[in-house]
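*Asks:* sequence first, predicted coordinates after that:
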Amino acid sequence: MTALYAISNVREEAWALRFNVSDTLRNTLQTHFSRPIRYESLLAQLPPEQQGGFTALWQDTERFKDLSLQAADSYGQLRASEDTVKVAGDKSSAAIKKIIAIVKERNDELANGSATLSLLIGGLAILFGVLVAWYIIRQITRPVFHNLELAERIAAVI
């Protein structure tokens, strides 16, 4: 009965370690597994017909303990990897924010340049339009004034 109780304690601690990874649980499991109540002393307490089952149970318990320790180690590695990924993600987010700021600044510069160019071209177009309008008006009014002058001369002679 003591053997089963010892094995049960080791299995419970190994099971707890899988769900709550901590150095305390790891050390407790290692301590309980290496206590003076070793496999041989437990085996000697059992009748020969139960020793085969106990040996299989002990081997399963050792394997369960080893797998629980491996799971705890893997969990620790996973946490470390997760932290590395988080740091890398934060760095890439910061880099993306810088790139977006640079692109926005460049777009603002281009927009300001485009507005200035549009105003300059618009001003030149208006000036050109005024000059063309003045030329056309001169082309129309010059002959009218010339004809008016002729009409006044004729009226003065008559």
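*Replies:* Yep, that arrived.

*Asks:* which residue ranges of the protein form helices?
*Replies:* Secondary structure of the chain (DSSP state H): helices located at 2-19, 23-33, 39-44, 48-157.

*Asks:* would JSON lines of those helices with mean pLDDT and mean neighbour count be doable?
*Replies:* Every C-beta, even on glycine, is put in place using the N, C-alpha and C of the backbone. As requested, the helices of the chain are exported to JSON lines (pLDDT from 0 to 100; neighbours: other CB atoms under 10 Å):
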{"stretch": "helix 2-19", "mean pLDDT": "66", "mean neighbour count": "16"}
{"stretch": "helix 23-33", "mean pLDDT": "71", "mean neighbour count": "15"}
{"stretch": "helix 39-44", "mean pLDDT": "73", "mean neighbour count": "13"}
{"stretch": "helix 48-157", "mean pLDDT": "90", "mean neighbour count": "11"}
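
*Asks:* grab the most central residue of the chain for me.
*Replies:* Most central in the chain under CA atoms, centre = their mean is Gly89, positioned 4.7 Å from the mean C-alpha point.

*Asks:* tell me who's in contact with it.
*Replies:* When contacts are counted by CB atoms under 8 Å, 6 or more residues apart in numbering, Gly89 touches no other residue.

*Asks:* quick check: it vs Gly76, distance?
*Replies:* Separation of Gly89 from Gly76 (CB to CB, to the nearest Å) stands at 20 Å.

*Asks:* same check on Ile158?
*Replies:* From Ile158 to Gly76 the distance is 121 Å (CB to CB).

*Asks:* this completes my enquiry, with thanks.
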